[in-house]
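[1] Fold the following, please.
(one chain, ligands or ions: 1)
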Amino acid sequence: MAQPQALQAGHQLLTQLGRQLPGLKCSSSTCQAGTLGLGTSGLRLAAAAAASASSRALTTGTSSGRQNRSAIRRLKAFLRDYKQLSKFRLSSLVALTASAGFAAGSGDSIDYAKLAWTSLGTLGAAAAANTLNQLYEVANDARMARTCNRPLPAGRLGSRQALLFAALCGVGGLWTLAEHTNPLTTGLGAANIVLYAGIYTPLKQLSIYNTWVGAVVGAIPPLMGWAAAAGELEPGAWLLAAALFSWQLPHFLALAWMCQDDYARGGFRMLPKFDPTGRRTAAVALRHCAFLLPLGAAAAALHVTSPWFAGEAALLAGAMGAGAIAFRANPTAASARKLFRGSLLYLPLLLAALAVHRQPNRHAVTWQDVRREAGAAAAGAAALLPEPLQPGRLWQQLQQMQPGLHWPQLRPVEQRYGLVLEQLQGIKCPSRAYGDSVDEQGSCSGSGAELLAEAAAVAAAAGEEPGDDAADAGQ
Ligand SMILES: CC(C)=CCC/C(C)=C/CC/C(C)=C/COP(=O)(O)OP(=O)(O)O
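    Numbers count the residues shown, from 1 in each chain. Sure, this is the predicted structure:
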């Protein structure tokens with residue numbers, strides 16, 4: 001019994017140590033054990049306990065059990081390092097904002113498989129960007145208590161491993177987006193890696209405006225999600241991006257205020273360093289909380305959400321704004337921490353409210369929807385339509401929209417519908433392809449479902465009057 005207990009004690013101490021490392025406070029000045037509240041003697045004690053536990057295990061334990069445990073420990077440490085390299089929590093939050101964009105940009109139904117691919121691709125791209133960011137900042141991170149235990153400055157991973165990981169995540173993420181979404185989404189993902197790793201990251205050491213550029217980086221993932229769902233960027237997408245932009249300023253400025261000495265040690269130029277009274281920092285944070293107040297009303301006005309969201313979003317922004325007001329009145333580490341924590345609550349709550357009150361995007365009919373419905377309609381039509389089928393009114397409308405289309409002289413009718421749909425794939429706005437209502441400017445409205453219902457009605461009419469081409473033509 002003594003052996004497992006001894007092992008457990010050693011393991012617990014090491015685990016405790018491991019847990020405390022990522023929780024370093026940014027106010028400490030070094031990355032040594034003293035900052036952990038354990039002290040170097042505590043560290044030695046932990047190491048001694050672990051060593052004594054393992055030596056006892058050596059004498060009494062079975063070697064295979066020991067090997068298994070040590071292999072599991074190594075695997076866990078390995079995974080933990082790569083998780084840190086990807087800034088997994090931040091990358092997951094980024095993927096979540098892309099999912100929110102996808103849901104908001106979707107039509108009547110959400111294509112969950114595509115949503116999952118979009119989130120996964122975004123996660124890969126964000127992990128690549130975060131790894132490149134850490135590769136650039138090894139020396140800076142080593143000087144900061146908040147970041148010195150990251151795998152690169154701590155020496156647990158080398159730059160070649162990190163570069164390979166960045167390449168794998170980046171290529172994998174962008175390939176996933178290219179394969180499962182569209183060029184717009186993939187292009188935004190690629191551009192965002194360049195913006196974050198190539199522009200924002202060096203700018204952190206050059207100008208306080210890095211925070212604003214970083215806010216643009218954080219605003220792009222919801223655009224990616226929307227683009228993946230709808231194939232284009234509509235006003236609702238820009239509204240979501242604006243929300244993410246404004247949210248990041250109070251969030252990152254509060255963090256920069258709390259950790260200002262640490263950032264200065266790292267060589268980063270953050271606004272608080274040049275703002276000893278905190279008035280400018282607080283004013284920017286407060287201004288962006290104010291920008292968030294009417295966000296929900298704008299979303300409701302654009303039919304992105306129901307009007308309920310207007311009230312809820314205003315309440316959430318008001319609560320975060322109260323934190324910013326308190327910070328402005330008394331810019332201390334404590335009031336900055338409150339604002340920071342408030343911002344951490346704000347975003348998931350806002351996204352949850354958006355998901356609950358989302359309204360279908362009338363402009364977005366996914367090709368999955370169209371194909372599914374067309375398949376069903378075509379199957380029904382095949383049973384009813386007389387042969388040969390002549391191009392009817394619907395077809396004429398489609399040709400007006402897209403003059404290059406040709407009528408496939410093929411039977412049976414399912415194939416014909418299938419081929420027409422194949423040709424329509426290239427059209428940017430699927431509902432426009434259906435020609436339900438297209439205004440002078442070429443803006444599209446209506447939905448594929450409406451036209452398919454019309455197709456089914458025409459098919460049914462043709463079935464009632466076999467051979468009557470006029471019915472098919474809808475004339
Ligand atoms: C699709 C894609 C490429 C998305 C990228 C999204 C992304 C990485 C957003 C993060 C935005 C941001 C300013 C983080 C802070 O970085 P920091 O360098 O200040 O953080 P640190 O101080 O913890 O290193």
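
[2] Show me where this structure dips below the pLDDT cut-off.
    Where the chain drops to pLDDT under 70, the residues are 1-61, 362-475.

[3] can you list the residues of it near the ligand?
    By Cβ under 6 Å from any ligand atom, the part of the chain that sits against the ligand consists of 90, 94, 122, 125-126, 129-130, 133, 189, 192-193, 196, 214, 217-218, 221. Backbone N, C-alpha and C define where each C-beta goes, glycine included.

[4] which one among these gets closest to Gln161?
    Set against Gln161, the nearest of the residues of the chain next to the ligand by Cβ to Cβ is Asn130 (14.7 Å).

[5] ok, so of the residues of the chain next to the ligand, who is nearest Arg74?
    For the residues of the chain next to the ligand, the closest approach to Arg74 (Cβ to Cβ) belongs to Asn130, at 23.5 Å.

[6] For the residue lying closest to the closest one once chain neighbours are set aside, give me its contacts.
    Excluding its sequence neighbours, the residue lying closest to Asn130 (Cβ to Cβ, 6 or more residues apart in numbering) is Lys87, at 4.1 Å. By Cβ atoms under 8 Å, 6 or more residues apart in numbering, the contact set of Lys87 is Ala126, Ala127, Asn130, Gln134.

[7] wait, what's in contact with the last one?
    Listed by Cβ under 8 Å, 6+ apart, the contact set of Gln134 reads Leu85, Lys87, Asp141, Arg150, Leu152, Ala162.

[8] for the fourth one, what are its contacts?
    Translated: Arg150. By Cβ under 8 Å, 6+ apart, the residues touching Arg150 are Gln84, Leu85, Gln134, Asp141.

[9] Now distance to His180 and secondary structure too, for these, in TSV please.
    Listed next are the contacts of Arg150 as TSV, based on distance: Cβ to Cβ, whole Å; DSSP: H, G, I helix; E, B strand; the rest coil:
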residue	distance to His180	secondary structure
Gln84	28	helix
Leu85	25	helix
Gln134	28	helix
Asp141	34	helix
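
[10] ChimeraX command for the buried members of those?
    Per 16 or more other Cβ atoms under 10 Å, the buried members of the contacts of Arg150 correspond to this ChimeraX selection:
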select :84,85,134,141
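
[11] Whichever residue of the stretch 101-250 of the chain sits closest to the ligand is in what secondary structure piece?
    Residue nearest to the ligand within the stretch 101-250 of the chain: Gly214 (2.8 Å; Cβ to the nearest ligand atom). In this structure, Gly214 sits in helix 210-230 according to DSSP states H and E.

[12] As PDB, could you dump the C-alpha coordinates of that helix?
    Output in PDB follows, covering the C-alpha atoms of helix 210-230 (Å, rounded to 0.1, in the frame of the first residue of the first chain):
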ATOM      1  CA  ASN A 210      -1.300  47.300 -32.100                       C
ATOM      2  CA  THR A 211      -4.400  46.800 -29.900                       C
ATOM      3  CA  TRP A 212      -6.700  48.200 -32.600                       C
ATOM      4  CA  VAL A 213      -5.100  46.100 -35.300                       C
ATOM      5  CA  GLY A 214      -5.400  43.100 -33.000                       C
ATOM      6  CA  ALA A 215      -9.100  43.900 -32.700                       C
ATOM      7  CA  VAL A 216      -9.500  43.700 -36.500                       C
ATOM      8  CA  VAL A 217      -7.900  40.200 -36.300                       C
ATOM      9  CA  GLY A 218     -10.500  39.100 -33.800                       C
ATOM     10  CA  ALA A 219     -13.300  40.600 -35.800                       C
ATOM     11  CA  ILE A 220     -12.500  38.500 -38.900                       C
ATOM     12  CA  PRO A 221     -13.500  35.000 -37.700                       C
ATOM     13  CA  PRO A 222     -17.300  35.900 -37.500                       C
ATOM     14  CA  LEU A 223     -17.000  37.200 -41.100                       C
ATOM     15  CA  MET A 224     -15.500  33.800 -42.000                       C
ATOM     16  CA  GLY A 225     -18.400  32.000 -40.500                       C
ATOM     17  CA  TRP A 226     -21.000  34.200 -42.200                       C
ATOM     18  CA  ALA A 227     -19.200  33.800 -45.600                       C
ATOM     19  CA  ALA A 228     -19.100  30.100 -45.200                       C
ATOM     20  CA  ALA A 229     -22.900  29.900 -44.600                       C
ATOM     21  CA  ALA A 230     -24.100  32.600 -47.000                       C
END
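
[13] Does anything pack onto the helix or strand containing Val284? Which helices or strands?
    According to DSSP H and E, Val284 maps onto helix 279-292. Here helix 279-292 is seen to pack against helix 235-258, helix 308-329 when contacts are counted using 3 or more Cβ pairs under 8 Å, 6 or more residues apart in numbering; DSSP states H and E.

[14] Quickly compare those helices and say which is most buried.
    Most buried of these, by mean neighbour count (mean count of other Cβ atoms under 10 Å): helix 235-258, with a mean of 23.

[15] that older thread, got the helices and strands packed on helix 279-292 as a markdown table, with distance to Arg280 columns?
    As requested, those are exported to a markdown table (distance: least, Cβ to Cβ, whole Å):
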| stretch | distance to Arg280 |
| --- | --- |
| helix 235-258 | 9 |
| helix 308-329 | 10 |
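
[16] for the closest residue to Ala353 other than its chain neighbours, what are its contacts?
    Spatially, and ignoring its direct neighbours in sequence, Ala353 is nearest to Glu312 (4.5 Å; Cβ to Cβ, 6+ apart). Taking Cβ under 8 Å, 6+ apart, we find Glu312 in contact with Gly296, Ala353, His357.

[17] Those residues into JSON lines, with extra columns for secondary structure, distance to Arg146 and neighbour count?
    Shown next, in JSON lines, are the contacts of Glu312 (DSSP: H, G, I helix; E, B strand; the rest coil; distance: Cβ to Cβ, whole Å; neighbours: other Cβ atoms under 10 Å):
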{"residue": "Gly296", "secondary structure": "helix", "distance to Arg146": "33", "neighbour count": "28"}
{"residue": "Ala353", "secondary structure": "helix", "distance to Arg146": "31", "neighbour count": "20"}
{"residue": "His357", "secondary structure": "helix", "distance to Arg146": "36", "neighbour count": "20"}
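
[18] Relative to Ser343, which of the residues you listed is nearest.
    Within the contacts of Glu312, the smallest distance to Ser343 is 15.7 Å, found for Ala353 (Cβ to Cβ).

[19] so what's the closest one up against?
    Neighbouring residues of Ala353 by Cβ under 8 Å, 6+ apart: Gly296, Trp308, Phe309, Glu312, Ala313, Leu316.

[20] give me every residue that touches the first one.
    Residues near Gly296 by Cβ under 8 Å, 6+ apart: Thr305, Phe309, Ala310, Gly311, Glu312, Ala313, Ala314, Ala353.

[21] how close does it get to Ala103?
    According to Cβ to Cβ, to the nearest Å, Gly296 stands 16 Å off from Ala103.

[22] What about the residues of the chain next to the ligand, which are in strands?
    Taking DSSP state E, every one of the residues of the chain next to the ligand sits outside strands.

[23] Who are the contact partners of the nearest residue to Arg341 once chain neighbours are set aside?
    Excluding the flanking residues, the one nearest Arg341 by Cβ to Cβ, 6+ apart is Gly323, at 8.0 Å. Residues near Gly323 by Cβ under 8 Å, 6+ apart: Pro250, Cys289, Ser335, Lys338, Leu339, Arg341, Gly342, Ser343.
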